[in-house]
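[1] Below are the sequence and a predicted model; questions follow.
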Amino acid sequence: VSAPTPPPTGRPTAVGLDIGGTKIAAAVVGPDAELRERVVVPAPRTGGSEATLRALLDATDRVRAPHPDVAAVGVGAAGMVEWPSGHIRWAPNSPYENLPLRDRLAEHTGLPTVVENDANAAAVAEARFGSGAGRACSITLTIGTGIGGGIVIDGQIYRGPTGIGAEVGHIIVDAEHGARCGCGATGCLEAMASGTALARVARDAARAEPGGMLADLAGDPERVTGETVFEAAKNNDRTALALFERIGFWLGAGIASLVNVLEPGIVILAGGLGGSVGDLLLAPTRSAFERYVFARPHRSLPEIVPARLGPDAGVIGAALLALDAR
Ligand SMILES: [Zn+2]
């Protein structure tokens, strides 16, 4: 006679991993998005796929050690990730390429594993437990070095047939006069409204105004960053405020296009730029959005709000997807 199966000691938890351009975050996450253990380590800049893999396995082992009952592993990774194979094809700002990440992690941990694009992972967390909770359709834009994003419909990510759809950062907002995008196209939302775009137009402005506040704060027009613009705008510098107006204009135009297609109940702005600058960016974004959205006088509008989960959205979403897939 075999012993009866012991009752489960609690609800399942998963390890969530978030691989960004500069750091790797790992945490044990419960089904209500609560964090039980958390480590952040620098993302390897060299050493290719193997260095990244070693850092991931090490971070996983560290957070898992005090939680032996972890049931699954989920990863949100910057770059082009095939779904559901979890094979990373390429990432523009990271050293890994052609990495069968899901299989390698599953082999090491012996646990069911999923690997998703990092912006999709953050979007699912915001949709279920953050600013989008209770909405049938939400769009999350992660605005930092680039613009990533995720479309969540009834709690599920829309990915397209091979996982590379929903590239909301690469909708074209100015095909004729826009800036060149890292993807090779011209005038993508990412090229016009990301943190990188803000820094670029801010350097241009500082060069044109060498005695202005931007050049003064940075010490040199070439050293102006997004943070410089934020500092200057807080001091009511007109040039800095105009730069946020300009970034918000393109962002609002892009959001209008997305809303015209998908009719989400809410649009959530996340990431280093989207989640942190508040009304400096939100006000011009909302204004341009209302100017360009289809049939403005005849419809109700979705809210445009900052993300609620902050930098933890990636690990939370990755873990939730892992728990879904068990
Ligand atoms: Zn692009």
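    Nice, thanks for sending it over.

[2] Quick check: residues of the chain near the ion?
    170, 181, 183, 185, 188 (Cβ under 5 Å from the ion). Every C-beta, even on glycine, is put in place using the N, C-alpha and C of the backbone.

[3] Go through those residues and give me the one with the most neighbours.
    The member of the residues of the chain next to the ion that has the most neighbours, counting by other Cβ atoms under 10 Å, is residue 188 with 29 neighbours.

[4] what helices or strands is the helix or strand bottoming out on mean pLDDT in the chain leaning on?
    The helix or strand of the chain with the lowest confidence, counting by mean pLDDT, DSSP states H and E, is helix 271-274 at a mean of 84. Secondary-structure packing of helix 271-274 (3 or more Cβ pairs under 8 Å, 6 or more residues apart in numbering; DSSP states H and E): strand 137-143, helix 195-208.

[5] pLDDT on the helix or strand following the longest one, on average?
    The helix or strand immediately downstream of helix 195-208 is helix 213-218, counting by DSSP states H and E. Along helix 213-218, the predicted local confidence has a mean pLDDT of 97.

[6] Deepest-packed of the helices and strands packed on helix 271-274, please.
    When the helices and strands packed on helix 271-274 are scored by mean count of other Cβ atoms under 10 Å, the highest mean neighbour count falls to strand 137-143 (a mean of 29).

[7] what angle do the helix or strand following that strand and helix 195-208 make?
    Remark: after strand 137-143, the chain's next helix or strand is strand 147-153, criterion DSSP H and E. Here strand 147-153 points in a direction 140 degrees away from that of helix 195-208 (axes from the mean of the first three to the mean of the last three Cα atoms, to 10 degrees).

[8] quick one on the thing from earlier: figure out how far the least confident helix or strand of the chain is from the centre of its chain.
    8 Å (Cα atoms, centre = their mean, to the nearest Å).

[9] go on, stretch 275-283?
    With Cα atoms, centre = their mean as the basis, stretch 275-283 stands 16 Å off its chain's centre.

[10] Could you work out the end-to-end span of that stretch for me?
    This stretch, stretch 275-283, spans 13 Å end to end (Cα to Cα, to the nearest Å).

[11] What spatial separation is found between residue 183 and residue 169?
    Distance from residue 183 to residue 169, counting by Cβ to Cβ, to the nearest Å: 9 Å.

[12] residues shared between the contacts of those two?
    residue 190 (Cβ atoms under 8 Å, 6 or more residues apart in numbering).

[13] Who are the packing partners of the longest helix seen in the chain?
    Criterion DSSP state H: the longest helix present in the chain is helix 238-262. Applying 3+ Cβ pairs under 8 Å, 6+ apart, one finds that helix 238-262 contacts strand 137-143, helix 189-193, helix 195-208, helix 213-218, helix 226-234, strand 266-270, helix 279-292.

[14] quick revisit: a markdown table for the helices and strands packed on helix 271-274, including distance to residue 19 and mean pLDDT?
    Shown next, in a markdown table, are the helices and strands packed on helix 271-274 (distance: least, Cβ to Cβ, whole Å; pLDDT from 0 to 100):
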| stretch | distance to residue 19 | mean pLDDT |
| --- | --- | --- |
| strand 137-143 | 14 | 96 |
| helix 195-208 | 18 | 97 |
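
[15] Redo these as CSV? Include distance to residue 281.
    Formatted as CSV, these follow (distance: least, Cβ to Cβ, whole Å):
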stretch, distance to residue 281
strand 137-143, 8
helix 195-208, 9
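
[16] which regions of this protein sit below the pLDDT cut-off?
    Across the chain, the ranges flagged by pLDDT under 70 are 1-9.

[17] rerun that using 80 as the cut-off
    Within the chain, the segments meeting pLDDT under 80 span 1-10, 21, 92-93, 163-164, 274-277.
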